[in-house]
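Visitor: compute the structure for the input listed below.
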Amino acid sequence: MARRAAAVQEQRKALGAYYTPAALVDAALALLPGPLGRVVDLACGEGAWLEGVARRSPQALLTGVDIDPAAVEAARDRLAAAGIREAALAVADGTRYRGRFDCVVGNPPWGAGRVGHVRRGAESVSAFVDSAVENLAAGGRMCLLVPAAWLEVAAHAPARRRLCAVAAIERLVHLGDVFAGVHSPAALLIARREPDATLRARQMVETPRGPVEQAELMGDVGCALNARLTPAERALAAKLERHRERLAGRVRFILGVVTGDNRRALGPDGEPIVTGRDVAAMRIATPRRHLCVPLGRVQQAAPRAAYARDKVVYRFVSSHPVAAVDRDGRLTLNSANAFAVDDDTLELDFVAAWLNSSAVRWLHRARFAMPRVLRSHLERLPLPSTTTAERGAIAAAALAGDAVTLDARVMNAYRLDDDDRMLVAAWPGS
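Guide: Numbers count the residues shown, from 1 in each chain. This is a model prediction of the structure:
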């Protein structure tokens, strides 16, 4: 029995299908107004959401579909055990199922993949959100548990735009890690199908950090539904971004080496290769790892000449930039990507110092939810408008390890006032 349970858990993990705890279902449904009417769960699993709806609104008309026949049978047994016998359950693909409902609830599968007979798309959550919209009557609501990253990651921007084009977002709630053994924060999305464009734009979206107008959320790059900022923090991010100078088009990004098999390709002997763990602010430690196969035999790498250039190296896996300058032409692993500067007006030490400043780290965390530093992130961050002499002073402070002076000079360059500086200082890690 234990082995079977473990096997089921592994299959659910592969599918991105994690069943929602009853307490979380009840808490989510309690945020919906009034009687729920006609309700559908498009990926009903074992029926936790449908059972929760029956508790919350006993007169609701329940429909549940799932592409997995075993899940549908489990839902049928669960609802029967709870005395619920009127639910319409069917084996069907929730991304293609169509009806007319007052409410769509549930926890659609996350991620991508294909396991057994269960079809999964490249962006499962986006497909289910699209289907939820298509199944809602005007004024109907969706109440969906989604990955928190879905609200902001650029890959899902088209789906967010489609949603905001027909729905008013009523509430966004970041829930953190809610599934045991799964390190992927969840969020609750509640939205109303709203045919009136003016009402959609003016909708005040409730978030844990305070209300924000939907039109303002849609104005963020990629239509990011960023519920992590207070109004004051949102204003600070906009103030920083009014500085127009960017790295885009002025630097050449250098992909870190992708070995394809680190256990085979890395060892104690060979060519030193810088990893993310070796990179600290303005300092690169002696590399702990070595590439022990020829560069031409790895899965993916930049030309050797690219690594030979003087460059800024930065951690890839991080909630904010951590950068240093490499003038030794060393290789970097893909946990430590890099870029070389093609613009003579940008000095390497200044660029690294700027990336390590508290103001830039704050903005990166404010704008990008995922703990990764991507090329697109760095290209979007605004360089402060300042003089060559001041940039030299910023670099000198960073090289001296004087974080207080570095932060003060960068914030002066951004023209931040005392209230702005307090916001930056209040964030953990600033």
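Visitor: got the contact list for the nearest residue to residue 287 once chain neighbours are set aside?
Guide: Setting aside the residues directly before and after it, residue 287 is nearest to residue 272 in space (CB to CB, 6 or more residues apart in numbering), at 4.0 Å. The way it works is simple: take the backbone N, C-alpha and C, and place the C-beta from them, glycine included. Shown in contact with residue 272 (CB atoms under 8 Å, 6 or more residues apart in numbering): 286, 287, 289, 290, 330, 331.
Visitor: repeat that for residue 312.
Guide: By CB under 8 Å, 6+ apart, the contact set of residue 312 is 251, 323-326, 338-341, 348, 351-352, 355.
Visitor: narrow these to those in strands?
Guide: Counted as lying in strands by DSSP state E, out of the contacts of residue 312, are 251, 323, 324, 325, 326, 338, 339, 340, 341.
Visitor: from the residues you listed, which is closest to residue 231?
Guide: residue 323 (30.4 Å; CB to CB).
Visitor: any idea how far the closest one is from residue 303?
Guide: Residue 323 sits 22 Å away from residue 303, going by CB to CB, to the nearest Å.
Visitor: those two: who's more crowded?
Guide: Shown here are residue 323 and residue 303; by other CB atoms under 10 Å, residue 323 has more neighbours (28 against 9).
Visitor: surely that one touches residue 311?
Guide: No. At 10.2 Å, residue 323 does not count as touching residue 311 under the criterion of CB atoms under 8 Å.
Visitor: who's in contact with stretch 288-300?
Guide: Residues beyond stretch 288-300 that count as contacts (CB under 8 Å, 6+ apart) turn out to be 255, 257-260, 264-273, 275, 277-278, 301, 304, 331, 333.
Visitor: check stretch 147-164 too.
Guide: 110, 123, 125-126, 129-130, 133, 169, 172, 174-175, 184-187, 189, 191, 200, 214, 217-218, 222-227, 368-370, 376.
Visitor: now do 6 Å
Guide: 110, 125-126, 129, 174, 184-185, 187, 218, 222-226, 369-370 (CB atoms under 6 Å, 6 or more residues apart in numbering).
Visitor: which two among these are spaced furthest apart?
Guide: Greatest spatial distance among these (CB to CB): 184 and 218, at 25.1 Å.
Visitor: between these two, which one's more packed in?
Guide: Higher neighbour count among residue 184 and residue 218: residue 218, with 17 against 14, using other CB under 10 Å.
Visitor: sketch out the strands for the stretch 301-430 of the chain, chain order is fine.
Guide: Assigned by DSSP state E, counting those that start in this stretch, the stretch 301-430 of the chain shows strands spanning 311-315, 323-326, 331-332, 336-341.
Visitor: just name the most buried of those.
Guide: Comparing these by mean neighbour count (mean count of other CB atoms under 10 Å), strand 331-332 ranks first with a mean of 28.
Visitor: so what are the sheet partners of it and their directions?
Guide: Sheet pairing for strand 331-332, assigned by DSSP bridges, gives strand 271-274 (parallel).
Visitor: got the buried residues for the partner strand?
Guide: Buried residues in strand 271-274, counted by 16 or more other CB atoms under 10 Å: 273, 274.
Visitor: next helix or strand past it?
Guide: Counting by DSSP states H and E, the next helix or strand C-terminal to strand 271-274 is strand 279-280.
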